[in-house]
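Engineer: Task: produce atomic coordinates for the following.
(2 chains)
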Amino acid sequence: EPEVTQTPSHQVTQMGQEVILRCVPISNHLYFYWYRQILGQKVEFLVSFYNNEISEKSEIFDDQFSVERPDGSNFTLKIRSTKLEDSAMYFCASSPRLAGKETQYFGPGTRLLVL
Amino acid sequence: QKEVEQDPGPLSVPEGAIVSLNCTYSNSAFQYFMWYRQYSRKGPELLMYTYSSGNKEDGRFTAQVDKSSKYISLFIRDSQPSDSATYLCAMSSTSGTYKYIFGTGTRLKVLA
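Structural biologist: The predicted structure follows:
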């Protein structure tokens, strides 16, 4: 069964460093998303991406964040200068059609720890 | 008022019990309702997807949506220890938004 994959599974970084989280969405899906979950809190939407551009972003997704689909398979989230409060589980998701009309499938997540 | 509210639990039940998990919401524009299961330190796994009001059944799982009360439920029949996980409700609207709004999750423990 096709699934969303994410690398790395764990990432430890120093405050102020740049990190890139990678995702391979399900191959025939067209919509891609990033969510994050701070330990003990709910899953929160960050950004959605379709047709090589951001469709929607939350207040959390400020200028320190960017997303990119560098090739036909990968989808990345970059945090330019990490802060302590960026420590969280980051989930990539994909859906074949517009969310709501088709469900989103989540990857296993990348656990980011900022020291 | 929070957009989506969910009792965090924990909820402990004996094996074989019927489990009822619930979420309430405030945004009447929500039309799509999902239940995800999340094991510790793993990604959310889709269990059920429902559009608008009504019931949907899949094996031991039944999802109910009552839009008039802004209330959704997930029932698990013949619960198993392997059902022990956190159950997340998620919702989205038809207004062109792409995002899911999640509840905080209910932690369920099924005792053998």
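
Engineer: Now do B:D58: how many residues are near it, please.
Structural biologist: For B:D58, the neighbour count with other Cβ atoms under 10 Å in any protein chain shown is 10. For glycine as for every other residue, the C-beta is placed from the backbone atoms N, C-alpha and C.

Engineer: repeat for B:S26
Structural biologist: By other Cβ under 10 Å, neighbour count at B:S26 equals 11.

Engineer: Surely it touches B:Y71?
Structural biologist: No - using Cβ atoms under 8 Å, B:S26 makes no contact with B:Y71, being 11.2 Å away.

Engineer: Tell me where chain A has strands.
Structural biologist: Using DSSP state E, the strands found in chain A span residues A:5-7, A:10-13, A:19-24, A:31-37, A:43-50, A:53-57, A:65-68, A:75-79, A:88-95, A:105-106, A:110-114.

Engineer: thought B:L108 was touching B:P81?
Structural biologist: No - using Cβ under 8 Å, B:L108 is not in contact with B:P81, being 10.5 Å away.

Engineer: just the strands in chain B please.
Structural biologist: Remark: strands assigned in chain B by DSSP E are B:4-6, B:11-14, B:19-25, B:30-38, B:45-51, B:54-58, B:61-66, B:71-76, B:85-93, B:101-102, B:106-111.

Engineer: Run the angle between the fourth one and strand B:85-93 for me.
Structural biologist: Between strand B:30-38 and strand B:85-93, the angle comes out at 160 degrees (axes from the mean of the first three to the mean of the last three Cα atoms, to 10 degrees).

Engineer: If anything else comes up later, I'll come back, but that's it for now.
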